[in-house]
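[1] The sequence isn't on hand, but the structure is:
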């Protein structure tokens, strides 16, 4: 994968395991392999804090965390992240119908443009994954 010394910690390894399980090893490995001196600190922070600390906390299961992430990222109208986390949500057991409902809730509470953009991004992923015709 990578031999960057800054990626060599117990918390990074713990986060890397969860990050791969949720987002897929291919995506995560591409992100880490493309890390350079400028981007490596962000990869380290995201892997340790987000995936090592937060996603490993016992208070919520991964399915619930996926619901929350989809809602927040959609509310922020970040379609690229929506696509990534739709794949993660599918890996964590969400159905296409549940994902659609998140986007509809976002549209009502956060604005129709954010909901529509997120729904479109989700539909692209669901189609790629064979979950939509």
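    On my side now, so go ahead. This is a predicted model, so every value here is computed, not measured. Numbers count the residues shown, from 1 in each chain.

[2] got a list of what the residue nearest to residue 62 when sequence neighbours are not counted touches?
    Using CB to CB, 6 or more residues apart in numbering and skipping the chain neighbours, the partner closest in space to residue 62 is residue 92 (4.4 Å). Bear in mind the C-beta positions are built from the backbone N, C-alpha and C, glycine included. Residues in contact with residue 92, defined by CB atoms under 8 Å, 6 or more residues apart in numbering, are 22, 62-63, 65-66.

[3] Repeat that for residue 37.
    Going by CB under 8 Å, 6+ apart, residue 37 touches no other residue.

[4] And the chain, split by domain according to the record?
    5-56, 62-128 (automatic domain parsing).

[5] Show me which of these has the highest average neighbour count.
    domain 62-128 (a mean of 18; mean count of other CB atoms under 10 Å).

[6] Quick one: end-to-end distance for it.
    22 Å (CA to CA, to the nearest Å).

[7] ok so, going back, worst mean pLDDT among the domains of the chain?
    Mean pLDDT per stretch puts domain 5-56 lowest among the domains of the chain, at a mean of 93.

[8] So what's the gap between that domain and the chain middle?
    Averaging C-alpha positions (CA atoms, centre = their mean, to the nearest Å) puts domain 5-56 12 Å from its chain's average.

[9] center of this structure, which residue is that?
    For the chain, residue 85 is the residue whose C-alpha lies nearest the centre (CA atoms, centre = their mean; 3.3 Å).

[10] give the contact list for that residue.
    Residue 85 neighbours (CB under 8 Å, 6+ apart): 66, 69-70, 73.

[11] and which of the residues you listed is nearest residue 103?
    Using CB to CB, residue 70 comes nearest to residue 103 of the contacts of residue 85, at 7.8 Å.

[12] Cheers, nothing more for now.
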